[in-house]
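> next comes the sequence, and after it the predicted model I'd like to discuss.
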Amino acid sequence: MAEVIIVPGEEDGGRLVADAVVDLVRARPDAVLGLATGSTPLAVYRHLAARVRDEALDVSQVRGFALDEYVGLPAGHPESYRKVIEREVIEPVGLDPERIAVPAGGLDGVETAGERYEAAIREAGGIDLQILGIGRTGHIGFNEPGSSLASATRVKTLTEQTRADNARFFDSPDDVPMHCITQGIGTILRARHLVLLAFGAAKADAVAAAVEGPVSTSAPGSAVQLHPHVTVVVDEAAAGALTQAPYYRHAWANKPAWQGI
């Protein structure tokens, strides 16, 4: 069973996960992070940046791998995940941009980009802590419903729901790319610790399917149930469809402090 932590709000969840990242970096200065984009993890990055700044934490050796990238956006496009990671993570946290990788979304060489990304993750020793969001379709990364639970990094076609959800970042819904390159579910499951965040009532059904539903390719997020170390951090609204919420609150309230998350 995944550990489910129900927090009052997004900032509380962001602070909790940022604290876990700081603890990891203090224990392992060359920690390897898996970095999600989108609005969900922004509170984590804000609180992490504040901790690094206030405590002069050395993050110069930290490595990172983004979950995904759009295919076919022009180089330097502000909504490419390379630019988003630079803007929201690398610059505020003070990470070394040379140590942060993003899947190659250019059309030239896209056929082998997934294999090259998998090799880079292996060469780094694997991901220590993978930050995840979850889409309303239940996708983690850009692994849409129907994705193999053993999948590796590869090119995927986005659903119209996902394109519509991401349209707010573009001038027009038609500007949202049709394809992406994403870490596969199998890739994600190889990380040593998964931290899945979700905030807001719109994510409640996807969270319940991921945590309490059957493991199924129809609900890609449910694959986290197969992992030995999963932490799910949700606010009250995102926890609204969880049938075991009273137990999750009880377990968290009585968890030994030394265990962390």
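Everything's here; your move.

> how long is stretch 164-174 end to end?
Start-to-end span of stretch 164-174 (Cα to Cα, to the nearest Å) is 9 Å.

> and stretch 184-199, by the same measure?
23 Å.

> please compute how far it lies from its chain's middle.
7 Å (Cα atoms, centre = their mean, to the nearest Å).

> give the buried residues for that stretch.
Neighbour-count burial for stretch 184-199 flags 184-199 (criterion: 16 or more other Cβ atoms under 10 Å). All C-beta atoms are positioned from the backbone trio N, CA, C, and that covers glycine.

> let me know the average pLDDT across it.
Throughout stretch 184-199, pLDDT has a mean value of 98.

> counting neighbours, what do you get for residue 109?
Around residue 109 there are 9 other residues, counting by other Cβ atoms under 10 Å.

> repeat for the one 3 residues further on
Residues contacting residue 112 under the criterion other Cβ under 10 Å number 9.

> quick revisit: restricted to helices, list the buried residues of stretch 184-199.
Judged by DSSP state H, the subset of these located in helices is 185, 186, 187, 188, 189.

> how about the contacts made by the residue nearest to residue 203 when sequence neighbours are not counted?
Among residues not flanking residue 203 along the chain, residue 238 sits closest, at 4.6 Å (Cβ to Cβ, 6 or more residues apart in numbering). Taking Cβ atoms under 8 Å, 6 or more residues apart in numbering, we find residue 238 in contact with 198, 199, 200, 201, 203, 204, 207.

> adding distance to residue 72, write those residues out as CSV.
Below are the contacts of residue 238 laid out as CSV (distance: Cβ to Cβ, whole Å):
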residue, distance to residue 72
198, 28
199, 30
200, 30
201, 33
203, 28
204, 33
207, 31
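
> mark which of these are buried, thanks.
198, 199, 200, 203, 204, 207.

> now name the helix or strand holding the nearest residue to the third one once chain neighbours are set aside.
It stands for residue 200. Once flanking residues are discounted, residue 200 sits nearest to residue 237: 5.3 Å by Cβ to Cβ, 6+ apart. Here residue 237, judged by DSSP states H and E, is contained in no helix and no strand.

> and the residue nearest to residue 203, how close does it get to residue 155?
To residue 155, residue 238 is 30 Å away according to Cβ to Cβ, to the nearest Å.

> residue contacts, the nearest residue to residue 192 once chain neighbours are set aside?
Sequence neighbours aside, residue 128 is the residue nearest to residue 192 in space, at 5.3 Å (criterion: Cβ to Cβ, 6+ apart). Residue 128 is in contact with 24, 28, 31, 32, 33, 191, 192, 193, counting by Cβ under 8 Å, 6+ apart.

> run the last query once more with 10 Å
The contact partners of residue 128, by Cβ atoms under 10 Å, 6 or more residues apart in numbering, come to 21, 24-25, 27-28, 30-34, 62-63, 191-193.

> ok, of those, which come out buried?
Using 16+ other Cβ under 10 Å as the burial test, the contacts of residue 128 include 21, 24, 25, 31, 32, 33, 34, 62, 63, 191, 192, 193 as buried.

> can you put the residues you listed in TSV and add distance to residue 149?
Listed next are these as TSV, based on distance: Cβ to Cβ, whole Å:
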residue	distance to residue 149
21	27
24	26
25	30
31	26
32	23
33	23
34	17
62	29
63	26
191	15
192	18
193	19
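
> what separates stretch 33-43 from the chain centre, distance-wise?
With Cα atoms, centre = their mean, you get 5 Å for stretch 33-43.

> which element is the nearest residue to residue 50 once chain neighbours are set aside on?
Nearest residue to residue 50 in three dimensions, chain neighbours excluded: residue 18, at 7.9 Å (Cβ to Cβ, 6+ apart). Following DSSP H and E, one finds residue 18 within helix 10-27.
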